[in-house]
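S.K.: Predicted structure and sequence below. I'll ask about it afterward.
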Amino acid sequence: MLTHPSIVLLLRRHHLFSQLPERVFEDVCNLAVLKRLACNSTLMHQGDPAKRFFLLVSGQIKLFRVTGEGQENLVEIIQPGQTFAEALLFSQARCYPVSASAIKDSVLVSIEGTHYRKALEDQPKVCLAILASMSIHLHQRLKDIDNLTLASASRRVINFLLQERDPRDGQVVLQVSKRLVASKLGIQPETFSRILHRLVDGGLIAMERRQIRILSEGDLEAYQQ
């Protein structure tokens, strides 16, 4: 049961819960559980029964798949305020398609899926909000697939930098390690570092630890290697 006022408010403001009648929202909170995960702790494994979905309160969670060869492929990094695994409420999948583990000490709200789905039966606005969220995720995944299958390693890195930049000053702050970014882009960490240094040498970016500044967006976009 959730009782902490700030966490209840965070949940209430999220689009998955903001349209729920107060009584229904209270029922959801009564069945929700606050979970704390230490860094590197596992929340769920790929193939586990999909009974709950989650909202991240603080920390960072990585979603990843493990190949038959044991290689870990990063799918997404979850940031505070984001939910994950809710799409499974509306699919025939009975198991989580990804694993999830903490890359920082994290606090999550764990929500019972079956009860929440029943609560939505008379809430068309919430269902539409969920469909919109799922559509956004689908388009992002399609862009990721195109990037991985059609683009060279250098182009993947450039696309990532352009996508993640702050439009005000061209800054890119890596929220996770370079190893995880490389995994997300489907390249080796050494390749990622080599491409970044090549862009630095070419005067296209400046880099200091996890902070990258795009010096010429047009030249970076046009870069071919």
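M.R.: Perfect, thanks for sending it. Numbering: from 1, shown residues only.
S.K.: OK, contacts around residue 146?
M.R.: Not one residue lies near residue 146 by Cβ atoms under 8 Å, 6 or more residues apart in numbering. To be clear about C-beta, it is placed using only N, CA and C from the backbone, and glycine gets the same treatment.
S.K.: in the worst-scoring helix or strand of the chain on mean pLDDT, what counts as buried?
M.R.: In the chain, no helix or strand scores lower on mean pLDDT, DSSP states H and E than helix 124-150, which sits at a mean of 78. By 16 or more other Cβ atoms under 10 Å, the buried positions in helix 124-150 come out as 126, 129-130, 133, 144, 147.
S.K.: what about the strands in this protein?
M.R.: Along the chain, the stretches classed as strands by DSSP state E are 33-37, 42-44, 52-58, 61-66, 72-78, 83-84, 99-102, 106-112, 171-173, 205-208, 211-214.
S.K.: and stretch 49-68, average pLDDT?
M.R.: In this model, stretch 49-68 has an average pLDDT of 93.
S.K.: Can I get it in CSV? Just the C-alpha atoms.
M.R.: Provided in CSV are the C-alpha atoms of stretch 49-68 (Å, rounded to 0.1, in the frame of the first residue of the first chain):
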residue,chain,number,x,y,z
PRO,A,49,5.5,-14.1,-15.6
ALA,A,50,4.3,-10.6,-16.4
LYS,A,51,2.0,-9.8,-13.5
ARG,A,52,3.0,-6.2,-12.6
PHE,A,53,4.1,-3.0,-14.2
PHE,A,54,6.3,-0.2,-12.7
LEU,A,55,6.8,3.5,-12.2
LEU,A,56,10.3,4.7,-11.4
VAL,A,57,10.4,7.2,-8.6
SER,A,58,14.2,7.7,-8.5
GLY,A,59,17.4,6.1,-9.9
GLN,A,60,17.8,4.5,-13.3
ILE,A,61,16.7,1.1,-14.6
LYS,A,62,18.0,-0.6,-17.7
LEU,A,63,15.8,-2.9,-19.8
PHE,A,64,17.8,-5.4,-21.8
ARG,A,65,17.5,-8.7,-23.6
VAL,A,66,20.0,-11.6,-23.5
THR,A,67,20.7,-13.4,-26.7
GLY,A,68,21.2,-17.2,-27.0
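S.K.: distance between that stretch and the chain's centre?
M.R.: Computed by Cα atoms, centre = their mean, to the nearest Å, the chain-centroid distance of stretch 49-68 equals 9 Å.
S.K.: Kindly report the same for stretch 96-104.
M.R.: The answer for stretch 96-104 is 10 Å, by Cα atoms, centre = their mean.
S.K.: distance between the ends of that stretch?
M.R.: Across stretch 96-104, the terminal residues are separated by 21 Å (Cα to Cα, to the nearest Å).
S.K.: now do stretch 166-185
M.R.: First-to-last distance for stretch 166-185 - Cα to Cα - comes to 20 Å.
S.K.: Counting neighbours, which bits of stretch 187-202 end up buried?
M.R.: Applying 16+ other Cβ under 10 Å to stretch 187-202 flags 187, 191-192, 195-196, 199 as buried.
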